[in-house]
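# Show me the folded form of this:
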Amino acid sequence: MNFLSGYYTEQAKKRSLPSDDPLIFLDYCATKTTEETSRARAVLPNTSWDAVQATTERSLLLDHLDWLADGGEHGSPPC
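Prediction:
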């Protein structure tokens, strides 16, 4: 799970840079969460599904919470 967490944290940082738009970033997060949950359902036991979803969401959003709460008004997302 640490590899997954690190990967999505990096991807989230890269994705948020071009637009600096919180709504586009949240849409990206929702898409990635859906993709990872779907992938988990295909290959992992159902006891792992919730952990995959939680790890994906945490990895994508954690470093961006203040920026999102601010509505992207004060500067760019953290990198």
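# so Glu73, which of the three states?
coil (DSSP: H, G, I helix; E, B strand; the rest coil).
# any idea how far it lies from Pro22?
Taking CB to CB, to the nearest Å as the measure, Glu73 falls 9 Å from Pro22. C-beta: built from backbone N, CA, C; applies to glycine.
# Neighbour count: those two, which is higher?
Using other CB atoms under 10 Å, the more surrounded residue of Glu73 and Pro22 is Pro22, with 18 against 8.
# dump the residue contacts of Arg39.
By CB atoms under 8 Å, 6 or more residues apart in numbering, the contact set of Arg39 is Val52.
# how much space is there between it and Tyr7?
Plainly put, Arg39 is 13 Å away from Tyr7 if you go by CB to CB.
# Residues that sit against both of Glu73 and Pro22, list them.
With CB under 8 Å, 6+ apart, Glu73 and Pro22 have no common neighbours.
# next structured bit after the lowest-mean-pLDDT helix or strand in the chain?
Lowest on mean pLDDT, DSSP states H and E among the helices and strands of the chain sits helix 2-19, with a mean of 64. Later in the chain than helix 2-19, the nearest helix or strand by DSSP states H and E is helix 22-43.
# tell me which element the residue nearest the centre of the chain falls in.
Nearest to the mean C-alpha position of the chain, by CA atoms, centre = their mean, lies Leu60 at 2.2 Å. Assigned by DSSP H and E, Leu60 belongs to helix 46-61.
# Might you list the low-confidence residue ranges for the chain?
1-4, 8-9, 11-19, 74-79 (pLDDT under 70).
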